[in-house]
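J.: whatever this is, show me its structure:
(one chain, ligands or ions: 1)
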Amino acid sequence: MECSKAKKIVIAIDGFSSCGKSTFAKAIAARLGYIFIDTGAMYRAVTLYALEHGAIEAGTVDEERVAALLDEISIAFRFNPERGASDIYVNGTCVEGRIRSIEVSSCVSRVSSIRPVREKLVAMQQAMGRDRGVVMDGRDIGTVVFPDAELKIFMTADPAVRARRRYDELHAKGEEVSLAQIEENVRSRDRADMTRAISPLRQADDAIVLDNSRMSVEEQMEWFRERFDRIAGTC
Ligand code: DC
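T.: This is a model prediction of the structure:
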């Protein structure tokens, strides 16, 4: 296979929650001039729609009703120059500002374990990456969505470090939560992601591990540059 730095590839980034996957993926995409796709935002957008259309009530997810709504949900990303990133739209309405609420966060892992939801979103993600030149982050990108991705990165960090980062973020926003509460939430989401029946989070056999527990964003970018140069020079 002919490959050079000019040839666009697929970069799959999977890993645990609160590892800084999106920050890392966004920076890589900007550097390479690639499209960045945050697949977690797509699962969150379906969850928001389900909440607003009666398929989730009092925290209970009605899987059949969620599945029945799928045909009426159209998802798109549009670049927002003010943010320097893409916003997510559902049926033409921007929902970027609403998909990270506590309400959505507390139901999204259940919605993302519904088979028809995964089938629809995986097919959309594959279509988005058909022309290569994408950096996609999620949980199953290197294993299910693009098992043929030229570069697969599996991100991880010590749960205590991830909890601390999340704690600092939430406190900066004025939210009152304890570090112990957050650490328990990080660990329980790790368990849920790794043990679900369909497409559980797991490291692809050919993925390279990036443990960023003690790395700055600049150090992670340097780490990436070395791997990318090696891959682009050999594939
Ligand atoms: O990356 P995030 O925390 O925004 O993802 C939200 C949820 O969606 C999370 O519970 C895991 C799930 N998800 C998934 O199952 N598969 C993906 N490719 C991306 C996210």
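J.: quick one, phi/psi of the spatially most central residue of the chain?
T.: In the chain, the centroid-proximal residue (Cα atoms, centre = their mean) is Gly138; its distance is 3.2 Å. For Gly138, the backbone dihedrals (degrees, to the nearest 10) come out as phi 180, psi -140.
J.: isn't it right up against Val145?
T.: Yes - contact criterion Cβ atoms under 8 Å: Gly138 and Val145 qualify, at 7.1 Å. No exception for glycine: its C-beta is placed from N, CA and C like everyone else's.
J.: which stretches of the chain have low pLDDT?
T.: 1-6, 233-235 (pLDDT under 70).
J.: return the residues of it in contact with the ligand.
T.: Residues of the chain lying near the ligand by Cβ under 6 Å from any ligand atom: Ser17, Thr39, Gly40, Tyr43, Arg44, Val108, Ser109, Ser112, Gly138, Arg139, Asp140, Asp193.
J.: thinking again about what came up before, please enumerate the shared neighbours of Gly138 and Val145.
T.: Here Gly138 and Val145 share the contacting residues Thr39, Gln125, scored by Cβ atoms under 8 Å, 6 or more residues apart in numbering.
J.: the helices in the chain, which residues?
T.: In the chain, the helices defined using DSSP state H lie at 21-32, 39-52, 63-69, 102-111, 115-128, 159-172, 179-195, 217-234.
J.: report the contact partners of Arg98.
T.: Arg98 neighbours (Cβ under 8 Å, 6+ apart): Leu48, Val104.
J.: how near is it to the ligand?
T.: 13 Å (Cβ to the nearest ligand atom, to the nearest Å).
J.: also His53?
T.: Counting by Cβ to the nearest ligand atom - His53 and the ligand are separated by 19 Å.
J.: how about that residue, what does it touch?
T.: Leu69.
J.: could you measure it against Thr47, distance?
T.: 11 Å (Cβ to Cβ, to the nearest Å).
J.: just Thr23 next, same as before
T.: Counting by Cβ to Cβ, the gap from Thr23 to Thr47 is 22 Å.
J.: please consider this matter closed, and thank you.
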